[in-house]
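Q: Need coordinates for the below:
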Amino acid sequence: MLTCKQATFYSSIRSFKKLSFVQSIQLKLHLMMCKSCHEFDHQNKIIDQSLTDFIKNDHLISEESLSEEKKSQIESAVKQRINKK
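A: Numbering: from 1, shown residues only. Next comes the predicted model:
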């Protein structure tokens, strides 16, 4: 059985790296039993999808920081996805 720390780690890295079969099963089992990790996983997916959508629908910004307008757009997109839950 995974610890919550391991489960959140697997949840975070699976958008960048494919988990092994065993890791995937362990994560699914943990998420079925742990409400907090399940919620973390859900929010992590929302953030990943929001960032993916932002990159696809807007030009990449080469400056070190985002404008206030861009920050507001990201915040609105994340809040909108959370409220769809």
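Q: tell me the centre residue of the protein?
A: Asn44 (2.2 Å; Cα atoms, centre = their mean).
Q: Figure out the helix or strand that it lives in.
A: helix 35-57 (DSSP states H and E).
Q: and the lowest-mean-pLDDT helix or strand in the chain, how far from the chain's centre?
A: For the chain, using mean pLDDT, DSSP states H and E, the weakest element among its helices and strands is helix 68-84, scoring a mean of 85. Averaging C-alpha positions (Cα atoms, centre = their mean, to the nearest Å) puts helix 68-84 14 Å from its chain's average.
Q: quick one: buried residues of it?
A: Of all the residues in helix 68-84, those buried under the rule 16 or more other Cβ atoms under 10 Å are 73-74, 77-78, 81. C-beta: built from backbone N, CA, C; applies to glycine.
Q: so which of those comes closest to Cys34?
A: Arg81 (21.9 Å; Cβ to Cβ).
Q: So what's the residue count around the closest residue to the closest one other than its chain neighbours?
A: Excluding its sequence neighbours, the residue lying closest to Arg81 (Cβ to Cβ, 6 or more residues apart in numbering) is Ile46, at 4.4 Å. Number of residues near Ile46 (other Cβ atoms under 10 Å) recorded here: 18.
Q: where does Ile46 land on pLDDT?
A: Looking at Ile46, its pLDDT stands at 93.
Q: Please apply the same query to the one 5 residues further on.
A: The predicted local confidence for Leu51 comes out at a pLDDT of 85.
Q: So what touches the helix holding Asn44?
A: Here helix 35-57 makes contact (Cβ atoms under 8 Å, 6 or more residues apart in numbering) with 4, 7-8, 11-12, 15, 30-32, 73-74, 77-78, 81-82, 85.
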